[in-house]
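> Compute the structure for the input listed below.
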Amino acid sequence: MTQRTPKEPLGVPPEIQTRLEQAGLRRTLATRAVLGLFLARPLGGLTHAQALAALTARGLDINRVTLYRLLDRLAGCGVLLRQADESRNWRFTLAVATPAGHDEAAVPRFECDACHRQFPLTDASEPTRAVTHGLFAALARLGHHGERVDVSIHGTCAGCVEPSA
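All right, here's what the predicted structure looks like:
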């Protein structure tokens, strides 16, 4: 990675820093720059290509493979969420901080297919958690071990809906 001066300073919130440390990831310039992209737009999702273009626009020349590995590691330690979109491209978003006592995997989200912003539906988390536990129990009865459940509803957000004539 060739370093150029970034356009703005990037800080890492303590809860994200804790996750990075627990996963053994260092807070490198590339890590801070990538996190800065997602912290600047917490509801928005980016593909690998979009993240690469945004980093280049901010003044960082980062190898595309290095970026892909970093995005994958950040998803692996729970800082980012990685989901396939309708075109089967990986789309990364900042993992949503959930209220105390809520299971992050049991908080469903709404994703706008037009702008790719994601909105957590925390009011629906209790019923979703009950269904999630039922699914994990069914898997356990079959001898499987489930890791996580992603519940995502797709549609068009209020900001992207065209007003009717």
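
> Around Phe38, count how many other residues there are.
23 (other CB atoms under 10 Å). For every residue, glycine as well, the C-beta is placed using N, CA and C.

> Tell me the spacing between it and Thr56.
For Phe38, the distance to Thr56 equals 16 Å [CB to CB, to the nearest Å].

> quick one: buried residues of the helix or strand bottoming out on mean pLDDT in the chain?
The helix or strand of the chain with the lowest confidence, counting by mean pLDDT, DSSP states H and E, is strand 118-120 at a mean of 77. Neighbour counts over strand 118-120 (16 or more other CB atoms under 10 Å) mark Gln118, Pro120 as buried.

> For the next helix or strand after it, buried residues please.
Moving toward the C-terminus from strand 118-120, the next helix or strand (DSSP states H and E) is helix 125-141. Of the residues in helix 125-141, Ser125, Thr128, Arg129, Thr132, Phe136 count as buried by neighbour count, 16+ other CB under 10 Å.

> which among those gets closest to Leu60?
Ser125 (36.4 Å; CB to CB).

> pLDDT wise, what is the closest one at?
On the pLDDT scale, Ser125 is placed at 68.

> quick one, domains of this protein?
Domain assignment for the chain, taken from automatic domain parsing, gives 1-95, 98-165.

> Can you say which of those is packed in most?
Ranked by mean neighbour count under mean count of other CB atoms under 10 Å, these are led by domain 1-95, which reaches a mean of 15.

> can you map out the strands along this protein?
46-47, 80-84, 90-94, 109-112, 118-120, 152-155 (DSSP state E).

> Any idea which of these gets closest to Val12?
Going by CB to CB, the one of the strands of the chain nearest Val12 is strand 90-94, 12.1 Å.

> So, low pLDDT: which residues of this protein?
1-11, 43, 96-107, 125, 148, 163-165 (pLDDT under 70).

> out of everything not next to it in sequence, what's closest to Leu71?
Phe92 (5.4 Å; CB to CB, 6 or more residues apart in numbering).

> Then Cys112?
Nearest in space to Cys112, with sequence neighbours left out and distances taken as CB to CB, 6+ apart, is Cys157 at 3.8 Å.

> Pull the contacting residues for the one you found.
Neighbour list for Cys157: Phe110, Cys112, Ala114, Cys115, Arg117, Phe119 [criterion: CB atoms under 8 Å, 6 or more residues apart in numbering].
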